[in-house]
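Undergrad: Sharing a model that was predicted from the sequence below.
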Amino acid sequence: MSTARRIGDVILKVDHISLSFGGVKALTDISFDVREHEIRAIIGPNGAGKSSMLNVINGVYTPQQGSITFRGRERRDMDTYEAAAHGIARTFQNIALFSGMSVLDNIMTGRNLKIKSNFLEQAIWFGRARREEIENRRVVEEIIDFLQLQHVRKTPVARLPYGIKKRVELARALAAEPSMLLLDEPMAGMNVEEKQDMCRFVLDTNDQFGTTIVLIEHDMGVVMDISDRVVVLDYGKKIGDGTPEQVRSDPEVIKAYLGAH
Amino acid sequence: MIYREAGQFKTSYVTDAQIFPIAQDRIGIALMLLVAFVVIPRTATPYFFSAIMTPFLIYALATIGLNILTGYAGQLSLGTAAFMAVGAFASYNFMARIDGMPVLLAFILGGICAALVGIVFGLPSLRIRGFYLAASTLATQFFVVWCLTKVPWFTNNSASGVITAQQIEILGYRFDTPQSKYLLVLVIVTVMALMAKNLVRSTTGRAWMAIRDMDVAAEVIGFRIVHTKLTAFAISSFYCGVAGALYAYCYLGTVEPEAYNLDVSFRILFMVLIGGVGSILGSFLGAGFIVLIPIALSYLVHFTGLSNSVTSNLELMVFGALIIFFLIVEPHGLARLWQIGKEKLRLWPFPH
């Protein structure tokens, strides 16, 4: 397992992506790549197009121009279902859990692509349907252990505090055993302790499962500490790309986002 | 007996994933089934079967159907009675036109026809939601009833449009007494309710709830929205279709379009709202409540000496008041009250 933390080849490449909503240009000619097993951060001021970028990567938005190459296959735009089926999972900036369901059921939804039984088998709860339910439950319990959610396993998510909800969302994404994980501000609105926990979970995920991580985050301390490479966006344009050290000393990035220290 | 789970340790995922994981619930369900299958058939009067128990069970089945669609999958529908009508008329036609068609198979085929109609009228849900979807399902309601009235083929060219339902005969046994019809309905409803319970606790049900709660996230996880919504429409309509066939064959004794008007759709929607949105148990509670209210009110009117014409108006007023009450005070209905009661009982008598 520990061998996983070795940065490999390019797994995702976005080329000249442009996206606009009516007259508003959200992204203009963005290109960057993500290597296997790395932690890649996307930073920039509010409205820079960071979340739009993630939405393009997993197919929620269709860009007007450009292409996405994932695992060697180039496509005009990604399809959400296909993205999920090929191992891209994500969390959302505003928590997007299924509020009417328990933590356990929420995480179980992350396993849905592994379940092959049809609704008739599930209705009689027999054979394959029952076996799959139990097998997937076992995997989900491992994730519950990993993210320390045992105590809230059967609680409806609507009753949980914010920090735990964020963790449940990560759990749901991990349940799909993704090869690439898109995290949209996983530490927003958290206190220092919760941030430390979340950082540890992100690093552990990357380390233990070898998951490639693309991360949007505003906390520069966190970004500079945990990411391998950073993309900087401003007004939908890419203004910087490189290791945290390179980005930190880039005059344009300092001017647009970081400010003088 | 005290309702609590203390000491019931689950040591495997199999036992934790049981349909009724708490021992007291299992005993409760077993007792209820015992009463329904053994005690009531031996003690009740024909009136009790035909006026209370049979309609209660049939409405409960239709309510489960609507609850799957509205409560679990979040798609509002006002066309429940239309799907029931499709089930009833399809069953009738299968039996009338095919010699030796087994009754149960005709009911199932009726349900499947309702499911197909449900898929067709569920297509708008892919584009619209909420009130606009409700309006389009309202169109289903009027269209289906109109169609059944206007096209003589569906009613087998009967002059009045009111057809006497065929005899129900299964393996040579005739279901012609209220008691035997009750038992037939009970068996079907029990089996289908358990299947619904299994569905909502497996991936199918999780998919429905996922698109109900957050459709973008559901899509990103890999649920196919089109497939999930149409499955919900199909299965929901299947339940309504079978309920509609039972309504005609075991309750009314006739097959007629007018029995499936908008009033019935609303009545079933009220059962969902009062019983509990997104709860199988709630479907039974809501159906029982609404079937019993008019009877209770008529007794009340009888004792207070008011005229009988008051009863029907009083019924409407009480319904209206109850709906408003539940929407404001307890939007999750009787099922939530029961759940809160259970949570209190777990701690009683030491609440701290």
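TA: Arrived safely, thanks for sending.
Undergrad: And the residue of the stretch 1-150 of chain B closest to chain A?
TA: Relative to chain A, the nearest point of the stretch 1-150 of chain B is B:Y13 (4.5 Å; Cβ to the nearest Cβ). Every residue, glycine included, has its C-beta placed from N, CA and C.
Undergrad: That residue against A:E141, yeah?
TA: Yes: between B:Y13 and A:E141 there is a contact at 7.5 Å, judged by Cβ atoms under 8 Å.
Undergrad: At the contact with chain B, which residues of the stretch 1-150 of chain A appear?
TA: Contact residues (Cβ under 8 Å from any Cβ of the partner chain) of the stretch 1-150 of chain A with chain B: A:58, A:60, A:80-81, A:83-85, A:89-90, A:92, A:96-101, A:105, A:108-110, A:112-113, A:115, A:117, A:119, A:122-125, A:129, A:133-134, A:137-138, A:141.
Undergrad: Of the residues you listed, grab the buried ones for ChimeraX.
TA: For the buried members of the residues of the stretch 1-150 of chain A next to chain B, the matching ChimeraX selection, counting by 16 or more other Cβ atoms under 10 Å in any protein chain shown, is:
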select /A:58,60,80,81,83,84,89,90,92,96,97,98,99,100,101,105,108,109,110,112,113,115,117,119,122,123,125,129,133,137,141
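Undergrad: taking the residues of the stretch 1-150 of chain A next to chain B one by one, which sit in strands?
TA: A:A89, A:R90 (DSSP state E).
Undergrad: From A:D77, how far off is the closest residue to A:D234 other than its chain neighbours?
TA: Distances taken as Cβ to Cβ, 6 or more residues apart in numbering or on different chains place A:A256 nearest to A:D234, at 4.3 Å, with adjacent residues excluded. To A:D77, A:A256 is 28 Å away according to Cβ to Cβ, to the nearest Å.
Undergrad: Same question for B:P178.
TA: 62 Å.
Undergrad: Have a look at the two and say which one is more surrounded.
TA: A direct count of neighbours by other Cβ atoms under 10 Å in any protein chain shown for B:P178 and A:D77 places B:P178 higher, at 20 against 15.
Undergrad: Which residue is the nearest non-sequential neighbour of B:G275?
TA: Of all residues not flanking B:G275 in the chain, B:G286 sits nearest, at 2.2 Å (Cβ to Cβ, 6+ apart).
Undergrad: go on, A:I213?
TA: Spatial nearest neighbour of A:I213, excluding adjacent residues (Cβ to Cβ, 6+ apart): A:I39 at 4.6 Å.
Undergrad: Within range of chain A, give me the residues from the stretch 151-300 of chain B.
TA: Contact residues, the stretch 151-300 of chain B versus chain A (Cβ under 8 Å from any Cβ): B:195-196, B:198-199, B:202-204, B:206-207, B:209-210, B:212-214, B:216-224, B:231, B:235, B:278.
Undergrad: Surely the residue nearest to A:D234 and A:K237 touch.
TA: No: no contact is recorded between A:A256 and A:K237 when judged using Cβ under 8 Å, the distance being 9.6 Å.
Undergrad: higher neighbour count, the two?
TA: Neighbours per residue (other Cβ under 10 Å) separate A:A256 from A:K237, with A:A256 holding more: 19 against 16.
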